[in-house]
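Colleague: pasting the structure only:
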């Protein structure tokens, strides 16, 4: 029997218990897995997340690997008591989830779904939307997630432009870059998707000036970072109708505080940081793959190089 | 100057005026186009739809072609006074629009968007949906529209099964057929898309028995035909939670009558027959292409064979 200690926090355990047990069974591994710490010297594998219970890894003398649930390991890699192999999470479902959120909310705004979902007067108005080929979408940020979303949006027919701070070529995609290119990328866009990283240069990239560049009534989708938008400027643009709607998944403070104007604004949809998350099902398979490898004496995947720190 | 008489009904004229003028300009054609009948013997082209103004085509002695706005010509082809060439509409945007509606509403149900769009208590619940690869979607009907939707749903990652009355192979798609295959196709489906034609065999194909086969809480999307669903059985299944939601674009009577239980049911979304329509922009380009051909002495496209009736 393999002992797996889920030390990623009691709050996560209900979400991971089923998927972890299913992945272990799927791999044919007989394991005892739980969120209560067994005798440390009996633990074979630790499933970890920053904020979990363990500060001192010394008593886990039999532990073959610490399997991190998140991609980032910056908060654990500096722990001097951690001498066991450390693996980070690379979750293929994170990109898939992000693409689905972006496609779904782009189509929602494109089709004007909200007026059918919320239709208290039971109005029958058979006005059709244009087709996606007539809808201009701009994606700010062409990293792995931005590129995946831009390509997927183009794949279902939208007219897509991409923008990044430094020049990036993406096969088949019209791209712009730098301060000079930002206005060209945004002008006339009816849907704007924010997928830029958090850097000093990207803070408030959507501000009073740049919010005036998209088409009047454009929708803003932000599954990237909260700080990309000047919140006050966005609220002002929503109030004038310059921006028609904002669907926001990330915020400067999360959970979004009760009483924040985004909650009650009729032109804002708050999604609670659900666009891209490590998913229990796929993450459990990655964790279990490393347990399988450890038991079979094979090298771990996504092993952290302690000298590099990632 | 070419005289184009828009005889498809005054109600449609506001939707077509801009697109028709734009398409004519784009084609470099100098034309006078309007919805008020000029002197019949001055009309070069008639844009027509059943329910339009003209009963007798005899006075239109100079007319080079009657350009129908709809695909179906069964109501005009029998008109004995119509001796001019008759062209039907083949609108590439109709398929595109259908695919977008199906993708959009599938993603809406998949992502659980409604709980974010309607969230009066401002609840922050960061529970992520599964990814599309874990979501079973079944498309009933594998005609041109059904196939296009099934392939597009598969393209964005859903687990798709298709069903048709008679066996049909679609590359890369798991398919079922016939009465025997229907239960296999529907069992466990979390999203069911109805794109069957209107025939005696397809009436009430979703009924009290077959509505029990999908996964509990499944979403039904009907952009096909109103008669495919036994409405009373659907309402009963929604009330028990066997079916979680129905998003309906077509109805036995349209517009859906005020007071119909679908309007007020909390688990029903009514979209007012917008999934697949001839679109003014693309249809105007098809109309103008035939005007261009007529002026250039070229054969018309989508010309109706009067002996066959289509």
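Modeller: Arrived safely. Computed from a predicted structure; not experimentally measured.
Colleague: where does chain A have low pLDDT?
Modeller: The model of chain A has pLDDT under 70 over residues A:72, A:309-310.
Colleague: redo that, cut-off 80
Modeller: A:50-52, A:71-75, A:306-310 (pLDDT under 80).
Colleague: Could you pick out the residues of the stretch 51-200 of chain A near chain B for me?
Modeller: Within the stretch 51-200 of chain A, the positions adjacent to chain B are A:93, A:96-97, A:99-101, A:103-105, A:107-108, A:110-111, A:113-114, A:116-119, A:122-134, A:152, A:155-157 by Cβ under 8 Å from any Cβ of the partner chain. C-beta here means a position set from N, CA and C on the backbone, and glycine is covered the same way.
Colleague: are any of those buried, and which?
Modeller: Neighbour-count burial (16 or more other Cβ atoms under 10 Å in any protein chain shown) is assigned, among these, to A:93, A:96-97, A:99-101, A:103-105, A:107-108, A:110-111, A:113-114, A:116-117, A:119, A:122, A:124, A:128-132, A:134, A:152, A:156-157.
Colleague: From the residues you listed, which land in strands?
Modeller: Judged by DSSP state E, strands contain none of these.
Colleague: and those residues, which of them are in helices?
Modeller: Among these, the members falling in helices (DSSP state H) are A:93, A:96-97, A:99-101, A:103-105, A:107-108, A:110-111, A:114, A:116-117, A:152.
Colleague: residue ranges for the strands of chain A, please.
Modeller: Secondary structure of chain A by DSSP E: the strands cover A:2-7, A:31-34, A:45-48, A:65-68, A:86-87, A:136-140, A:159-164, A:174-177, A:191-194, A:218-222, A:243-248, A:268-270.
Colleague: who's in contact with residue A:237?
Modeller: Residue A:237 makes contacts with A:208, A:211-212, A:243, as judged by Cβ atoms under 8 Å, 6 or more residues apart in numbering or on different chains.
Colleague: Using the record's domain definitions, break chain A down for me.
Modeller: Structurally, chain A divides into domains by automatic domain parsing as follows: A:2-91+A:278-296, A:92-270.
Colleague: residues contacting residue A:9?
Modeller: By Cβ under 8 Å, 6+ apart, residue A:9 lies in contact with A:49, A:51-53.
Colleague: which ones are touching the residue of the stretch 151-300 of chain A found nearest chain B?
Modeller: Per Cβ to the nearest Cβ, the residue of the stretch 151-300 of chain A with the smallest distance to chain B is residue A:255, at 3.9 Å. Residue A:255 makes contact with A:272, B:124, B:126, according to Cβ under 8 Å, 6+ apart.
Colleague: can you give me how far stretch A:95-109 is from the chain middle?
Modeller: Its chain's C-alpha centre and that of stretch A:95-109 lie 11 Å apart, by Cα atoms, centre = their mean, to the nearest Å.
Colleague: Please dump the contacts of residue A:9 into a markdown table; it should also carry neighbour count for every row.
Modeller: Shown next, in a markdown table, are the contacts of residue A:9 (neighbours: other Cβ atoms under 10 Å in any protein chain shown):
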| residue | neighbour count |
| --- | --- |
| A:49 | 20 |
| A:51 | 11 |
| A:52 | 20 |
| A:53 | 15 |
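Colleague: residues in contact with the closest residue to residue A:45 other than its chain neighbours?
Modeller: Of all residues not flanking residue A:45 in the chain, residue A:4 sits nearest, at 4.8 Å (Cβ to Cβ, 6 or more residues apart in numbering or on different chains). Going by Cβ under 8 Å, 6+ apart, residue A:4 touches A:20, A:24, A:31-34, A:43-47, A:291.
Colleague: Just the buried ones from those residues, in ChimeraX syntax?
Modeller: To isolate the buried members of those in ChimeraX, using 16+ other Cβ under 10 Å:
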select /A:20,24,31,33,43,44,45,46,47,291
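Colleague: Just the closest of the contacts of residue A:4 to chain B, please.
Modeller: Closest to chain B, out of all of the contacts of residue A:4 and judged by Cβ to the nearest Cβ, is residue A:20, at 15.5 Å.
Colleague: need the contact list for the residue most central in space within chain A.
Modeller: With distances taken as Cα atoms, centre = their mean, residue A:276 lies nearest the centre of chain A, 2.3 Å away. Residues near residue A:276 by Cβ under 8 Å, 6+ apart: A:94-95, A:97-98, A:101, A:145, A:223.
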